[in-house]
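Engineer: Only the shape, not the letters, is given here:
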DNA sequence: ACCATTGGTTCATACTGGTAACTATTGCCG
DNA sequence: CGGCAATAGTTACCAGTATGAACCAATGGT
(Lines give C-alpha, C1' and ligand atoms only; values in the text may rest on other atoms or scores of the structure.)
Protein backbone atom coordinates (compact mmCIF):
# COMPACT_ATOMS: atom_id res chain seq x y z
CA UNK A 1 0.00 0.00 0.00
CA UNK A 2 1.64 3.28 -1.10
CA UNK A 3 1.29 6.62 0.67
CA UNK A 4 -1.68 7.67 -1.39
CA UNK A 5 -3.60 4.48 -0.65
CA UNK A 6 -2.77 4.74 3.01
CA UNK A 7 -4.23 8.21 3.17
CA UNK A 8 -7.52 7.23 1.65
CA UNK A 9 -7.57 4.16 3.83
CA UNK A 10 -7.18 6.29 6.97
CA UNK A 11 -9.89 8.60 5.78
CA UNK A 12 -12.20 5.65 5.32
CA UNK A 13 -11.47 4.48 8.85
CA UNK A 14 -12.16 7.95 10.21
CA UNK A 15 -15.40 8.11 8.33
CA UNK A 16 -16.46 4.68 9.54
CA UNK A 17 -15.49 5.57 13.09
CA UNK A 18 -17.85 8.52 13.09
CA UNK A 19 -20.52 6.45 11.48
CA UNK A 20 -20.38 3.57 13.93
CA UNK A 21 -20.34 6.04 16.81
CA UNK A 22 -23.53 7.65 15.57
CA UNK A 23 -25.21 4.34 14.86
CA UNK A 24 -24.40 3.02 18.30
CA UNK A 25 -25.62 6.21 19.88
CA UNK A 26 -28.96 5.94 18.15
CA UNK A 27 -29.32 2.27 18.98
CA UNK A 28 -28.44 3.01 22.60
CA UNK A 29 -31.09 5.70 22.61
CA UNK A 30 -33.68 3.22 21.37
CA UNK A 31 -32.75 0.67 24.01
CA UNK A 32 -33.06 3.26 26.74
CA UNK A 33 -36.41 4.35 25.36
CA UNK A 34 -37.58 0.76 25.57
CA UNK A 35 -36.63 0.35 29.21
CA UNK A 36 -38.21 3.71 30.02
CA UNK A 37 -41.31 2.62 28.14
CA UNK A 38 -41.65 -0.61 30.10
CA UNK A 39 -41.09 1.28 33.31
CA UNK A 40 -43.76 3.89 32.70
CA UNK A 41 -46.10 1.36 31.14
CA UNK A 42 -46.11 -0.70 34.33
CA UNK A 43 -45.62 2.19 36.73
CA UNK A 44 -42.52 0.54 38.18
CA UNK A 45 -39.07 2.18 38.27
CA UNK A 46 -36.48 0.68 35.96
CA UNK A 47 -34.27 -0.67 38.72
CA UNK A 48 -37.23 -2.46 40.28
CA UNK A 49 -38.16 -3.90 36.90
CA UNK A 50 -34.68 -5.28 36.43
CA UNK A 51 -34.85 -6.77 39.89
CA UNK A 52 -38.22 -8.36 39.19
CA UNK A 53 -36.79 -10.03 36.09
CA UNK A 54 -34.12 -11.78 38.14
CA UNK A 55 -36.68 -14.13 39.62
CA UNK A 56 -37.14 -16.08 36.40
CA UNK A 57 -36.80 -19.67 37.51
CA UNK A 58 -35.68 -18.67 41.00
CA UNK A 59 -37.86 -19.07 44.02
CA UNK A 60 -35.75 -17.11 46.50
CA UNK A 61 -33.08 -14.46 46.11
CA UNK A 62 -30.98 -12.67 48.72
CA UNK A 63 -29.94 -9.03 48.84
CA UNK A 64 -26.37 -10.00 48.21
CA UNK A 65 -27.24 -12.17 45.23
CA UNK A 66 -29.39 -9.45 43.71
CA UNK A 67 -26.64 -6.90 44.24
CA UNK A 68 -24.21 -9.11 42.33
CA UNK A 69 -26.60 -9.79 39.48
CA UNK A 70 -27.63 -6.16 39.09
CA UNK A 71 -24.07 -5.05 39.76
CA UNK A 72 -25.04 -2.43 42.32
CA UNK A 73 -24.29 -1.85 46.01
CA UNK A 74 -26.17 -3.82 48.64
CA UNK A 75 -27.66 -0.64 50.01
CA UNK A 76 -29.20 0.07 46.64
CA UNK A 77 -30.83 -3.34 46.65
CA UNK A 78 -32.36 -2.66 50.05
CA UNK A 79 -34.14 0.32 48.57
CA UNK A 80 -35.19 -1.48 45.42
CA UNK A 81 -36.67 -4.29 47.48
CA UNK A 82 -38.33 -1.72 49.74
CA UNK A 83 -40.04 -0.32 46.68
CA UNK A 84 -41.15 -3.72 45.43
CA UNK A 85 -42.39 -4.68 48.86
CA UNK A 86 -44.42 -1.50 49.16
CA UNK A 87 -46.08 -2.48 45.89
CA UNK A 88 -46.72 -5.99 47.29
CA UNK A 89 -44.72 -7.59 44.50
CA UNK A 90 -42.17 -9.29 46.75
CA UNK A 91 -41.91 -10.69 50.28
CA UNK A 92 -39.03 -10.65 52.69
CA UNK A 93 -38.79 -13.55 55.09
CA UNK A 94 -35.89 -14.53 57.32
CA UNK A 95 -33.99 -17.62 56.26
CA UNK A 96 -35.04 -20.34 58.72
CA UNK A 97 -31.54 -21.81 58.62
CA UNK A 98 -29.55 -18.61 59.08
CA UNK A 99 -31.29 -15.55 60.41
CA UNK A 100 -28.75 -13.22 58.86
CA UNK A 101 -30.21 -13.89 55.43
CA UNK A 102 -33.51 -12.60 54.25
CA UNK A 103 -35.19 -14.59 51.56
CA UNK A 104 -36.84 -12.43 48.97
CA UNK A 105 -39.53 -14.00 46.86
CA UNK A 106 -42.25 -12.91 44.48
CA UNK A 107 -45.80 -12.70 45.73
CA UNK A 108 -48.52 -14.11 43.49
CA UNK A 109 -49.10 -10.58 42.29
CA UNK A 110 -45.39 -10.19 41.65
CA UNK A 111 -45.25 -13.38 39.63
CA UNK A 112 -48.12 -12.22 37.47
CA UNK A 113 -46.58 -8.82 36.94
CA UNK A 114 -43.20 -10.29 36.08
CA UNK A 115 -44.83 -12.60 33.58
CA UNK A 116 -46.67 -9.72 31.98
CA UNK A 117 -43.57 -7.59 31.69
CA UNK A 118 -41.52 -10.43 30.30
CA UNK A 119 -44.16 -11.03 27.69
CA UNK A 120 -44.29 -7.43 26.53
CA UNK A 121 -40.53 -7.31 26.36
CA UNK A 122 -40.52 -10.45 24.24
CA UNK A 123 -43.17 -8.98 22.00
CA UNK A 124 -41.05 -5.93 21.37
CA UNK A 125 -38.02 -7.99 20.49
CA UNK A 126 -40.06 -10.30 18.31
CA UNK A 127 -41.44 -7.29 16.48
CA UNK A 128 -37.90 -6.09 15.96
CA UNK A 129 -36.84 -9.45 14.59
CA UNK A 130 -39.81 -9.63 12.25
CA UNK A 131 -39.23 -6.10 11.04
CA UNK A 132 -35.68 -7.00 10.13
CA UNK A 133 -37.00 -9.53 7.64
CA UNK A 134 -35.96 -13.14 7.13
CA UNK A 135 -32.85 -12.42 5.04
CA UNK A 136 -31.33 -9.85 7.40
CA UNK A 137 -32.02 -11.74 10.61
CA UNK A 138 -29.09 -14.07 10.42
CA UNK A 139 -26.54 -11.50 9.30
CA UNK A 140 -27.70 -8.98 11.89
CA UNK A 141 -27.45 -11.54 14.67
CA UNK A 142 -24.00 -12.57 13.51
CA UNK A 143 -22.95 -8.94 13.33
CA UNK A 144 -24.24 -8.23 16.82
CA UNK A 145 -22.35 -11.23 18.08
CA UNK A 146 -19.15 -9.95 16.44
CA UNK A 147 -19.81 -6.47 17.77
CA UNK A 148 -20.42 -7.69 21.27
CA UNK A 149 -17.23 -9.66 21.25
CA UNK A 150 -15.19 -6.75 19.88
CA UNK A 151 -16.74 -4.41 22.43
CA UNK A 152 -15.73 -6.73 25.22
CA UNK A 153 -12.20 -6.90 23.92
CA UNK A 154 -11.95 -3.11 23.53
CA UNK A 155 -13.29 -2.83 27.07
CA UNK A 156 -10.51 -5.05 28.35
CA UNK A 157 -8.00 -2.75 26.69
CA UNK A 158 -9.33 0.27 28.55
CA UNK A 159 -8.92 -0.83 32.11
CA UNK B 1 -45.64 -24.30 4.96
CA UNK B 2 -47.44 -27.12 6.78
CA UNK B 3 -48.22 -27.27 10.50
CA UNK B 4 -45.00 -29.03 11.34
CA UNK B 5 -42.86 -26.49 9.53
CA UNK B 6 -44.77 -23.65 11.13
CA UNK B 7 -44.07 -25.01 14.57
CA UNK B 8 -40.34 -25.23 14.05
CA UNK B 9 -40.41 -21.83 12.41
CA UNK B 10 -42.08 -20.33 15.49
CA UNK B 11 -39.58 -22.03 17.72
CA UNK B 12 -36.77 -20.53 15.70
CA UNK B 13 -38.30 -17.08 16.05
CA UNK B 14 -38.66 -17.54 19.80
CA UNK B 15 -35.07 -18.63 20.08
CA UNK B 16 -33.84 -15.71 18.01
CA UNK B 17 -35.97 -13.32 20.04
CA UNK B 18 -34.27 -14.38 23.24
CA UNK B 19 -30.92 -14.25 21.56
CA UNK B 20 -31.28 -10.76 20.15
CA UNK B 21 -32.60 -9.56 23.50
CA UNK B 22 -29.52 -10.86 25.26
CA UNK B 23 -27.14 -9.51 22.64
CA UNK B 24 -28.69 -6.07 22.77
CA UNK B 25 -28.59 -6.13 26.54
CA UNK B 26 -24.88 -6.86 26.54
CA UNK B 27 -24.15 -4.25 23.89
CA UNK B 28 -26.20 -1.72 25.84
CA UNK B 29 -24.19 -2.58 28.92
CA UNK B 30 -20.94 -1.94 27.04
CA UNK B 31 -22.16 1.40 25.74
CA UNK B 32 -23.15 2.49 29.23
CA UNK B 33 -19.79 1.38 30.54
CA UNK B 34 -18.09 3.53 27.94
CA UNK B 35 -20.01 6.67 28.89
CA UNK B 36 -19.38 5.97 32.55
CA UNK B 37 -15.72 5.45 31.77
CA UNK B 38 -15.37 8.77 29.96
CA UNK B 39 -17.19 10.48 32.80
CA UNK B 40 -15.00 9.11 35.56
CA UNK B 41 -11.88 9.43 33.45
CA UNK B 42 -12.42 13.18 33.07
CA UNK B 43 -14.13 13.72 36.42
CA UNK B 44 -17.16 15.23 34.70
CA UNK B 45 -20.72 13.92 35.09
CA UNK B 46 -22.21 12.27 32.03
CA UNK B 47 -24.83 14.93 31.40
CA UNK B 48 -22.18 17.63 31.49
CA UNK B 49 -20.03 15.64 29.06
CA UNK B 50 -22.89 15.35 26.63
CA UNK B 51 -23.46 19.07 26.92
CA UNK B 52 -19.81 19.83 26.29
CA UNK B 53 -19.92 17.77 23.10
CA UNK B 54 -22.68 19.97 21.68
CA UNK B 55 -20.27 22.83 21.11
CA UNK B 56 -18.53 21.14 18.22
CA UNK B 57 -18.51 23.81 15.53
CA UNK B 58 -20.75 26.09 17.57
CA UNK B 59 -19.52 29.24 19.20
CA UNK B 60 -22.59 30.02 21.28
CA UNK B 61 -25.48 27.93 22.54
CA UNK B 62 -28.55 28.90 24.53
CA UNK B 63 -30.23 27.04 27.36
CA UNK B 64 -33.22 26.40 25.17
CA UNK B 65 -31.11 25.06 22.32
CA UNK B 66 -29.17 22.77 24.61
CA UNK B 67 -32.40 21.51 26.16
CA UNK B 68 -33.69 20.59 22.72
CA UNK B 69 -30.50 18.89 21.62
CA UNK B 70 -30.13 16.93 24.85
CA UNK B 71 -33.89 16.36 24.98
CA UNK B 72 -34.21 17.41 28.61
CA UNK B 73 -36.08 20.14 30.49
CA UNK B 74 -34.69 23.67 30.55
CA UNK B 75 -34.30 23.49 34.30
CA UNK B 76 -32.04 20.51 33.89
CA UNK B 77 -29.85 22.47 31.51
CA UNK B 78 -29.54 25.30 34.01
CA UNK B 79 -28.06 22.83 36.45
CA UNK B 80 -25.78 21.21 33.89
CA UNK B 81 -24.44 24.61 32.86
CA UNK B 82 -24.04 25.53 36.52
CA UNK B 83 -21.82 22.51 36.90
CA UNK B 84 -19.74 23.31 33.82
CA UNK B 85 -19.42 26.93 34.88
CA UNK B 86 -18.20 25.92 38.33
CA UNK B 87 -15.51 23.90 36.58
CA UNK B 88 -14.65 26.94 34.42
CA UNK B 89 -15.40 25.05 31.24
CA UNK B 90 -18.12 27.39 29.99
CA UNK B 91 -19.14 31.04 30.24
CA UNK B 92 -22.57 32.60 30.45
CA UNK B 93 -22.93 36.07 28.93
CA UNK B 94 -26.14 37.96 28.20
CA UNK B 95 -27.03 38.26 24.54
CA UNK B 96 -26.30 41.90 23.62
CA UNK B 97 -29.28 41.96 21.30
CA UNK B 98 -31.87 40.40 23.59
CA UNK B 99 -31.24 40.33 27.30
CA UNK B 100 -33.58 37.39 27.79
CA UNK B 101 -31.06 35.09 26.18
CA UNK B 102 -27.82 34.02 27.74
CA UNK B 103 -25.08 32.98 25.41
CA UNK B 104 -23.18 29.97 26.65
CA UNK B 105 -19.74 29.40 25.22
CA UNK B 106 -16.70 27.26 25.94
CA UNK B 107 -13.78 28.81 27.77
CA UNK B 108 -10.31 28.04 26.42
CA UNK B 109 -10.07 25.36 29.07
CA UNK B 110 -13.45 24.01 27.99
CA UNK B 111 -12.38 23.85 24.35
CA UNK B 112 -9.29 21.90 25.26
CA UNK B 113 -11.21 19.50 27.46
CA UNK B 114 -13.86 18.95 24.81
CA UNK B 115 -11.16 18.24 22.26
CA UNK B 116 -9.52 15.73 24.55
CA UNK B 117 -12.74 13.92 25.30
CA UNK B 118 -13.75 13.82 21.67
CA UNK B 119 -10.40 12.33 20.81
CA UNK B 120 -10.58 9.57 23.39
CA UNK B 121 -14.09 8.73 22.31
CA UNK B 122 -12.91 8.49 18.71
CA UNK B 123 -10.04 6.31 19.76
CA UNK B 124 -12.39 3.90 21.45
CA UNK B 125 -14.62 3.64 18.43
CA UNK B 126 -11.65 3.32 16.10
CA UNK B 127 -10.33 0.47 18.26
CA UNK B 128 -13.73 -1.17 18.01
CA UNK B 129 -13.72 -0.84 14.25
CA UNK B 130 -10.23 -2.23 13.94
CA UNK B 131 -11.03 -5.11 16.23
CA UNK B 132 -13.93 -6.05 14.01
CA UNK B 133 -11.53 -6.68 11.17
CA UNK B 134 -11.73 -5.48 7.60
CA UNK B 135 -14.16 -8.13 6.36
CA UNK B 136 -16.72 -7.69 9.12
CA UNK B 137 -16.71 -3.91 9.14
CA UNK B 138 -18.98 -3.40 6.20
CA UNK B 139 -21.48 -6.07 7.15
CA UNK B 140 -21.59 -4.93 10.76
CA UNK B 141 -22.20 -1.33 9.75
CA UNK B 142 -24.92 -2.41 7.34
CA UNK B 143 -26.49 -4.57 10.03
CA UNK B 144 -26.44 -1.75 12.53
CA UNK B 145 -28.07 0.49 9.99
CA UNK B 146 -30.80 -2.09 9.41
CA UNK B 147 -31.18 -2.60 13.15
CA UNK B 148 -31.44 1.10 13.83
CA UNK B 149 -34.09 1.50 11.20
CA UNK B 150 -36.10 -1.48 12.48
CA UNK B 151 -35.83 -0.21 16.03
CA UNK B 152 -37.19 3.15 14.98
CA UNK B 153 -40.08 1.51 13.22
CA UNK B 154 -40.86 -0.75 16.20
CA UNK B 155 -40.71 2.35 18.38
CA UNK B 156 -43.32 4.04 16.23
CA UNK B 157 -45.57 1.03 16.71
CA UNK B 158 -45.41 1.33 20.50
CA UNK B 159 -46.71 4.84 21.00
C1' DA C 1 -17.14 -16.42 75.99
C1' DC C 2 -15.16 -13.61 72.59
C1' DC C 3 -14.39 -11.91 68.23
C1' DA C 4 -14.02 -11.84 63.20
C1' DT C 5 -17.05 -12.56 59.43
C1' DT C 6 -21.17 -12.10 56.98
C1' DG C 7 -25.79 -10.18 55.56
C1' DG C 8 -28.60 -6.50 55.71
C1' DT C 9 -30.06 -1.67 56.90
C1' DT C 10 -29.44 3.31 57.60
C1' DC C 11 -27.53 7.64 56.49
C1' DA C 12 -25.15 11.11 53.95
C1' DT C 13 -23.93 12.39 49.43
C1' DA C 14 -24.08 12.95 44.37
C1' DC C 15 -26.07 12.69 39.68
C1' DT C 16 -30.15 12.54 36.42
C1' DG C 17 -34.39 14.16 35.36
C1' DG C 18 -39.21 16.36 35.58
C1' DT C 19 -43.00 19.96 36.81
C1' DA C 20 -44.52 24.17 38.37
C1' DA C 21 -43.96 28.67 39.87
C1' DC C 22 -41.30 32.64 39.39
C1' DT C 23 -38.38 36.76 37.28
C1' DA C 24 -36.97 39.50 33.61
C1' DT C 25 -37.20 41.12 29.03
C1' DT C 26 -39.27 41.83 24.73
C1' DG C 27 -42.68 42.99 21.43
C1' DC C 28 -47.09 43.84 20.04
C1' DC C 29 -51.67 45.84 20.11
C1' DG C 30 -55.08 48.83 21.38
C1' DC D 1 -47.51 54.78 25.36
C1' DG D 2 -49.18 51.44 28.78
C1' DG D 3 -50.38 46.94 29.51
C1' DC D 4 -50.17 42.21 28.43
C1' DA D 5 -48.86 37.90 26.21
C1' DA D 6 -44.93 35.41 24.95
C1' DT D 7 -40.29 34.00 25.65
C1' DA D 8 -35.82 32.71 28.20
C1' DG D 9 -33.95 31.39 32.09
C1' DT D 10 -33.88 30.31 37.16
C1' DT D 11 -35.54 28.43 41.51
C1' DA D 12 -37.72 25.09 44.35
C1' DC D 13 -39.36 20.74 45.03
C1' DC D 14 -39.81 15.93 43.99
C1' DA D 15 -38.47 11.13 42.51
C1' DG D 16 -35.18 7.80 40.89
C1' DT D 17 -30.40 5.81 40.53
C1' DA D 18 -26.29 4.84 42.71
C1' DT D 19 -22.21 4.69 46.16
C1' DG D 20 -19.70 4.18 50.54
C1' DA D 21 -19.30 4.26 55.43
C1' DA D 22 -21.16 3.23 59.73
C1' DC D 23 -23.92 0.26 61.96
C1' DC D 24 -26.76 -3.91 63.90
C1' DA D 25 -27.68 -8.81 64.21
C1' DA D 26 -26.56 -13.48 63.69
C1' DT D 27 -23.15 -17.02 63.00
C1' DG D 28 -19.25 -19.79 63.75
C1' DG D 29 -14.79 -20.85 65.10
C1' DT D 30 -11.11 -20.64 68.66
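Structural biologist: Thanks, I have the structure now. Small disclaimer: the values here were computed from a predicted structure and weren't measured.

Engineer: in a strand, that's where residue A:97 is, yeah?
Structural biologist: No. Counting by DSSP: H, G, I helix; E, B strand; the rest coil, residue A:97 falls outside a strand, being coil.

Engineer: I'd like the distance between it and residue A:103.
Structural biologist: Separation of residue A:97 from residue A:103 (CB to CB, to the nearest Å) stands at 10 Å. In this view, the C-beta of every residue, glycine as well, is placed from N, C-alpha and C.

Engineer: Please identify which of those two sits among more neighbours.
Structural biologist: A count of neighbours by other CB atoms under 10 Å in any protein chain shown puts residue A:103 above the other of residue A:97 and residue A:103, at 16 against 7.

Engineer: ok, the more buried one touching residue A:64?
Structural biologist: No. Counting by CB atoms under 8 Å, residue A:103 does not reach residue A:64; the two are 11.7 Å apart.

Engineer: so for stretch A:149-159, what's the average pLDDT?
Structural biologist: On average, the pLDDT along stretch A:149-159 is 90.

Engineer: what do you get for stretch A:24-43?
Structural biologist: Averaging pLDDT along stretch A:24-43 yields 95.

Engineer: What residues of that stretch count as buried?
Structural biologist: Across stretch A:24-43, burial judged by 16 or more other CB atoms under 10 Å in any protein chain shown covers A:24, A:26-31, A:34, A:37-39.

Engineer: Likewise for stretch A:105-120?
Structural biologist: A:106, A:110, A:113-114, A:117.

Engineer: Could you tell me the average pLDDT over it, please?
Structural biologist: With pLDDT averaged residue by residue, stretch A:105-120 scores 96.

Engineer: wait, which of the buried residues of stretch A:105-120 is closest to DNA strand D?
Structural biologist: Nearest to DNA strand D, judged by CB to the nearest atom of the strand, of the buried residues of stretch A:105-120 is residue A:117 at 13.6 Å.

Engineer: Go ahead and confirm the closest one touches residue A:43.
Structural biologist: No. Contact criterion CB under 8 Å: residue A:117 and residue A:43 do not qualify, at 11.2 Å.
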